[in-house]
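>>> Make a model of this:
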Amino acid sequence: MLGHLAVFIARSSPIKKRQVPPKALRYFPLTACPWFPYYKDNLREFYGLPCVSGMNIPNVLTLLRILMVPFFINFMVYHYYGYALLTFLAAGLTDSLDGLIARISNQRTRLGSYLDPMADKLLLIAAFVTLAYLKFIPVWITIVVVSRDAILLFGTLLLHMTQMNFNIAPTLMGKSTTLMQLLCILAFLFFIVFKRDTSGLSPLLLFTIGLTILSGLHYIYRGVRVMNHEGV
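I've put the predicted structure just below:
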């Protein structure tokens with residue numbers, strides 16, 4: 001309804017093209033607005049507004065999740081565990097919302113395909129490093145998690161620099177690993193906030209780390225197959 005009205009006003013204006021858009025639109029990212037899925041190009045062309053490529057509401061939520069990482073670390077280091085838990089839950093909520101909005105409004109972008117897993121990794125690595133620093137989990141657990149992600153990042157950059165064709169989409173095992181890591185961190189935070197013995201979470205932690213190692217090896221196997229297929 002709002003989109004119809006905006007386009008009608010724009011096209012029915014006696015001026016062929018306005019040099020300056022209305023004040024409300026001047027600061028409004030039309031290209032990032034899901035309520036203008038069919039009319040944003042018309043409005044942008046009419047008002048001469050530049051295109052903000054790739055920056056839509058799902059990507060803004062992803063950036064918000066990235067900005068939550070330093071707050072989470074700060075709350076953990078200074079022992080505000082309740083606030084840290086709320087921050088982690090809020091980050092998880094934005095993770096669910098950005099994917100849901102992207103699917104419903106068809107706003108999937110290449111930028112989002114990179115930002116979303118990056119935000120997840122930053123949050124998870126920050127959580128594992130902080131928990132190890134506070135001695136809630138063994139240091140070797142964090143070393144495994146960080147090493148896996150570092151190896152995957154190096155492999156992705158290598159394939160990109162050699163201009164090989166590869167699919168950056170996460171595998172089922174990779175998605176399962178991320179989910180288990182999130183659940184593991186969440187369980188530790190709940191136990192810490194409610195002053196429970198975290199040693200009871202050892203089976204969950206070991207299972208998560210085992211899945212982390214397996215998924216890392218699987219990604220390495222995929223990378224080697226791509227390199228062999230390309231003849232490197």
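
>>> Pass me the low-pLDDT residue ranges in this structure, would you?
1-55, 98-99, 102, 105-114, 163-169, 230-232 (pLDDT under 70).

>>> domains of it?
By the assignment in automatic domain parsing, the chain contains the domains 2-47, 57-229.

>>> list the buried ones in the lengthiest helix in the chain?
Once the chain is assigned using DSSP state H, the helix that runs over the most residues is helix 202-229. Neighbour counts over helix 202-229 (16 or more other Cβ atoms under 10 Å) mark 205, 208-209, 211-212, 215-216, 219, 222-223, 226-227 as buried. (Glycine included, C-beta is placed from N, CA and C.)

>>> and if you look at stretch 143-150?
144-146, 148-149.

>>> Out of those, list just those in helices.
Counting by DSSP H, these place 144-146, 148-149 in helices.

>>> just checking, Ile141 touches Lys135?
No - in this structure, Ile141 is not within contact of Lys135 by Cβ atoms under 8 Å, at 11.6 Å.

>>> which one of those two has more residues nearby?
Neighbours per residue (other Cβ atoms under 10 Å) separate Ile141 from Lys135, with Ile141 holding more: 19 against 8.

>>> Contact partners for that one?
By Cβ atoms under 8 Å, 6 or more residues apart in numbering, the contact list for Ile141 reads 128, 132, 205, 209.

>>> make it 6 Å
Ile209 (Cβ atoms under 6 Å, 6 or more residues apart in numbering).

>>> That one sits in which helix or strand?
Counting by DSSP states H and E, the element that carries Ile141 is helix 139-161.

>>> what's the next secondary structure element after that helix?
With secondary structure assigned by DSSP H and E, helix 139-161 is succeeded by helix 172-193.

>>> With only the CA atoms kept, save that following helix in CSV.
Only the C-alpha atoms of helix 172-193 are listed here, as CSV (Å, rounded to 0.1, in the frame of the first residue of the first chain):
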residue,chain,number,x,y,z
LEU,A,172,25.1,-30.0,7.0
MET,A,173,28.0,-31.0,9.3
GLY,A,174,29.2,-27.5,9.4
LYS,A,175,25.8,-26.2,10.4
SER,A,176,25.5,-28.9,13.0
THR,A,177,28.8,-27.9,14.5
THR,A,178,27.8,-24.2,14.7
LEU,A,179,24.5,-25.2,16.3
MET,A,180,26.2,-27.5,18.9
GLN,A,181,28.8,-24.8,19.7
LEU,A,182,26.1,-22.2,20.3
LEU,A,183,24.1,-24.7,22.5
CYS,A,184,27.3,-25.6,24.4
ILE,A,185,28.1,-21.9,25.1
LEU,A,186,24.5,-21.2,26.1
ALA,A,187,24.5,-24.1,28.5
PHE,A,188,27.7,-22.9,30.1
LEU,A,189,26.4,-19.4,30.5
PHE,A,190,23.2,-20.7,32.1
PHE,A,191,25.2,-22.9,34.5
ILE,A,192,27.5,-19.9,35.4
VAL,A,193,24.6,-17.5,35.9
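
>>> buried sites along it?
173-174, 177-178, 180-182, 184-185, 187-189, 191-192.

>>> quick check, nearest of these to Leu86?
Leu189 (9.6 Å; Cβ to Cβ).
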